[in-house]
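# Provided below are the primary sequence and the corresponding predicted coordinates.
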Amino acid sequence: MVVVVTAPFHAPAPEWSHVYRDVLPMHLLETILLLGGTVLLTVVIGVLSAWLVAAYSFPLRGAMRWMLVLPLALPTYISAYTYASLFGATGTISLWVHDLSGFRPDIVGLPGLIVVMALVLFPYVYLPARAVFASGLREQLEAARMLGARGSRRFLRVAVPLARPAIVGGAVLVAMETLNDYGAVKYYGIRTLTTAVFRSWTGLSDLGSALRVAILLLLLVVLLLWWERRSRIHRQQATDAVPMVRQRLTGKRAALATIWCLLVLVSGFLLPAGKLLLDAFTIDRTDTWAIDLIALRNTLGIATGAAFLTLLIALFLVFILRHERKSWTHGLVRAATLGYAVPGAVIAVGVMTAAGTIDRQAGLSFTLIGTIGLLLYAFTVRFLAVAVQPLQGSLTRQHSNVDDAARMLGASPGRIFLRVNLPQLRPAILAAAMLVAIDVVKELPLTLILRPFNFNTLSTRVFEMARIEQLREAAAPALLIVLCVLPPLLFLDRQLARSEG
Amino acid sequence: MSHPLLSVSDLHFAHTGGKAVLSGVSFTMPVNEVLVVVGTSGSGKTTLLRCIAGLDLAQRGRVVLDGALLQDEAEFMAPEERPVGMVFQGHALFPHLTVKGNIGFGLYRVPKAERVKRVADELASVGLNGLGDRYPHQLSGGQQQRVAIARSLVLRPRLLLMDEPFSDLDRRTRQQVRTEVLQILRAHGTGAIVVTHDREDAYHLADRIAELDQGRFVRIAPAEDLRKEWAQHPLQG
């Protein structure tokens, strides 16, 4: 971060004036349009689906509750490629429609990308909204009912305002994921700040300009975080923790609820996943199978390594937080976990510049750039918050009396943490490791910039094949990503559902 | 003889796959009466209120309010349609709305000018003049309690259900709020069922007191009778 933030203090290269004048304005405008559209649509889909599933009983509701999480298994770029191969100018369905009607639909463009991204990212809003609707608002909603409010009024006037902090929190995550995306925006020809970072660095070979664009990205992130924080001021999120009593829907209303959820599920997951499955098993894979397997091995390797490293540091941080209850420890943890808010491309150029400086000045016999170590370090910077959050949440629920009791029995802080706190943290440790691993498997821009030479992960392999328009060939590694992510995702959803009651 | 305000017959409720919570509760209530339901924890007091409100669906039984059928084997009127108000334990105020917003919440079908007037009148009747623009967290426990009552009474319900309405209040505030609540109910001519486990609440509020035990009414008696009995056995209950 220091490297990125101090970039403007160095003299700019001549390329900067071109980037500033010709590149930035359109990239900034399209970023804002993409961000606004995606967040808005995501909130509509996520909140409405969460409300239906939490507040009502209707056919297939039980299955829909967990199945609506499935789109999270699809990285945005994979879904975008799949949709392009179906609804792009030469897509299967577009051609079919063209033969029938003479009109050729083409999803590739800004509106299409907004829809595709919203269909994949809505679970970031759906999950926190569902949690609040399901077990945080029962009394208020029942009070509204006793005051004569029907379903839509209870939803709009009570549930949504009370769940606003959770909804905004989810929306901010969606915005960050949108800012972080590189594969989908590149393929759909949308100029965003992330593509400007890549363009400045790879196209113009000007790392300085890339860092300056990165600052703009960071400013957007700061704005988003400010918005999220502001939404929590004077907003008490009701948390009476009593499970909601669901109302039974019948007739047309029940059918409409089921159709809505099915539509979201099919378009967000089943359609793209089905297409991947079809492509993966219908094309000849004898040439590429071995390469895909190596990419799978690499992916699992770095996911495991990054999860392990991130967990170790996260555990150290929560230990400090628990046993050094001072303001500086909170500041330290907050600073260390800022990385999740920062787009992968920004972290990558920052880490790369820092590593280059170390390489030049320390006179090492090897270079840090292009090593697995640097890649793992960058993952740790980016995903530390993902690991700290569940650990901190779980540790907060452990009463401090227990620590005091252990201390009175002569245990040191280290021993208390190892023998008392840590054993109770086991489910949270597992959840934290899975969350980090899921993110690493799906991550693209950071991996693309920092990976060692000739080192492919599943995500970079999908990206490279999509870049040369081999979308059907990209299906197998894309499917492997989904298969890697699905089991931990479903496990985490089950844990969440249990806590919702 | 005029018909009773509320008539409940043979009300049964059990949680899915669980033990019966209400096992054939029957009673009637005349207009304007304050009936206090007492009983130990788990005796079914809150469930009784929720079934009358329609928030829990009784498996069997008939509920008639002011001559209108709320529920029987074939019919079920949704809670939002019932002319019944409810004050929840813990108040359940909407934290994102002001006092005026809370009180006016149920008046959304009423024209704005009339709504503003009714909210102002209700604020005055519960002694909250000047506090209309505050949020619930800016009020004391007693003031929150009055907002919760005003919010229900502004809709002019035929019956008010109150679930442990004073449990969050300290002894002194409790006494004061209890007296005020009774005055408000009398002034509005509203009948009420108040659930409490506190004898003092029952003693001061009730016209009649009903004792609920394991889902059945074991006794319904004029409050005066039980007051005398409790005076002789001050340590029990």
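Yep, that arrived.

# How about the secondary structure of B:Arg156?
coil (DSSP: H, G, I helix; E, B strand; the rest coil).

# Can you pull up the most central residue in chain A?
A:Glu177 (5.1 Å; CA atoms, centre = their mean).

# Give the full set of residues in contact with that residue.
A:76, A:121, A:124 (CB atoms under 8 Å, 6 or more residues apart in numbering or on different chains). Any C-beta I mention is one placed from the backbone N, CA and C, and that applies to glycine too.

# Flag the shaky bits of chain B, pLDDT-wise.
Counting by pLDDT under 70, chain B has low-confidence residues at B:1-2, B:233-237.

# Which single residue of it approaches chain A most closely?
In chain B, the residue that lies nearest chain A is B:Gly106 (3.3 Å; CB to the nearest CB).

# how deep is that residue tucked in, by neighbour count?
B:Gly106 has 23 neighbours, counted by other CB atoms under 10 Å in any protein chain shown.

# Just list what whichever strand or helix holds A:Val47 packs against, helices and strands only.
Taking DSSP states H and E as the criterion, A:Val47 maps to helix A:24-55. Counting contacts by 3 or more CB pairs under 8 Å, 6 or more residues apart in numbering or on different chains; DSSP states H and E, helix A:24-55 packs against helix A:61-67, helix A:110-121, helix A:123-135, helix A:164-180, helix A:193-198, helix A:207-232, helix A:251-265.

# what lines up beside the next helix or strand after it in the sheet?
Heading C-terminal from helix A:24-55, the first helix or strand you meet, by DSSP H and E, is strand A:56-57. Sheet pairing of strand A:56-57 (DSSP bridges) gives strand A:247-248 (parallel).

# buried ones in stretch A:205-217?
By neighbour count with 16 or more other CB atoms under 10 Å in any protein chain shown, stretch A:205-217 contains the buried residues A:206-217.

# who touches B:Glu75 in this structure?
Per CB under 8 Å, 6+ apart, neighbours of B:Glu75: B:Leu69.

# for it, phi and psi?
phi -110, psi 150 (degrees, to the nearest 10).

# Export the contacts of A:Glu177 to a markdown table and append columns for neighbour count, pLDDT and distance to chain B.
Shown next, in a markdown table, are these (neighbours: other CB atoms under 10 Å in any protein chain shown; pLDDT from 0 to 100; distance: CB to the nearest CB, whole Å):
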| residue | neighbour count | pLDDT | distance to chain B |
| --- | --- | --- | --- |
| A:Thr76 | 25 | 91 | 33 |
| A:Leu121 | 31 | 94 | 26 |
| A:Tyr124 | 23 | 91 | 23 |
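
# ok, A:Arg50 touching A:Ala129?
Not quite, residue A:50 is Ala, not Arg. Yes - with contact defined as CB atoms under 8 Å, A:Ala50 and A:Ala129 form a contacting pair (3.8 Å).

# what separates A:Arg498 from A:Pro243, distance-wise?
Look at A:Arg498 and A:Pro243: by CB to CB, to the nearest Å, they are 11 Å apart.

# Point me to the residue of chain A nearest chain B.
A:Leu147 (3.3 Å).

# Without its sequence neighbours, what residue ends up closest to that residue?
Leaving aside its sequence neighbours, A:Leu147 sits nearest to B:Gly106 (CB to CB, 6 or more residues apart in numbering or on different chains; 3.3 Å).

# From B:Gln145, how far off is that neighbour?
From B:Gly106 to B:Gln145 the distance is 18 Å (CB to CB).

# What of B:Phe217?
27 Å.

# The two: who's more crowded?
Counted by other CB under 10 Å, B:Phe217 and B:Gln145 do not tie: B:Gln145 has more neighbours, with 26 against 19.

# So the more buried one is in contact with B:Met162, correct?
No - using CB under 8 Å, B:Gln145 is not in contact with B:Met162; the gap is 9.8 Å.

# Common neighbours of the two, please.
B:87, B:181.

# Do I have it right that B:Leu57 meets B:Phe76?
Yes - here B:Leu57 reaches B:Phe76: they are 6.9 Å apart, a contact under CB under 8 Å.

# State the pLDDT value of the closest residue to A:Met244 other than its chain neighbours.
Spatial nearest neighbour of A:Met244, chain neighbours left out: A:Arg138 (5.0 Å); criterion: CB to CB, 6+ apart. Looking at A:Arg138, its pLDDT reads 87.

# Name the residues that touch the longest helix seen in chain B?
Secondary structure of chain B per DSSP state H: the longest helix is helix B:171-188. With CB under 8 Å, 6+ apart as the test, helix B:171-188 has contacts from B:32, B:34, B:125-127, B:140-142, B:145-146, B:149, B:153, B:156, B:160, B:162, B:165-166, B:169, B:192, B:201, B:204-205.

# Can you list the buried residues in that helix?
Of the residues in helix B:171-188, those buried (16+ other CB under 10 Å) are B:173-174, B:177-178, B:180-182, B:184-185, B:188.

# Could you do stretch A:297-317 as well?
A:298-300, A:302-303, A:305-307, A:309-311, A:314-315, A:317.

# Over to the spatially most central residue of chain B. Which of the three states is it?
Nearest to the geometric centre of chain B sits B:Leu161, at 1.8 Å (CA atoms, centre = their mean). Following three-state DSSP, the label given to B:Leu161 is strand.

# From B:Val110, how far off is it?
B:Leu161 is 22 Å from B:Val110, by CB to CB.

# just B:Arg216 next, same as before
41 Å.

# again, but for A:Leu207
From A:Leu207 to B:Val110 the distance is 65 Å (CB to CB).

# do the same with B:Asn32
As defined by CB to CB, B:Asn32 lies at a distance of 25 Å from B:Val110.

# What pLDDT is listed against A:Val3?
At A:Val3, pLDDT is 69.

# swap that for A:Leu296, sorry
The model's pLDDT for A:Leu296 equals 94.

# OK, contacts around it?
Contacts of A:Leu296 (CB under 8 Å, 6+ apart): A:458, A:477, A:480, A:484.

# how close does it sit to A:Asn456?
A:Leu296 is 10 Å from A:Asn456, by CB to CB.

# A:Thr371 too?
From A:Thr371 across to A:Asn456, the span is 16 Å (CB to CB).

# residues in contact with stretch A:52-65?
Residues contacting stretch A:52-65 (CB under 8 Å, 6+ apart): A:49, A:68, A:130, A:133-134, A:141, A:151, A:155, A:159, A:244, A:246-249, A:253-255, A:257-258, A:260-262, A:265, A:497.

# mind listing what's buried in that stretch?
A:52-56, A:58, A:61, A:64-65.

# ditto for stretch A:78-89
Those buried within stretch A:78-89 under the rule 16+ other CB under 10 Å are A:78-88.
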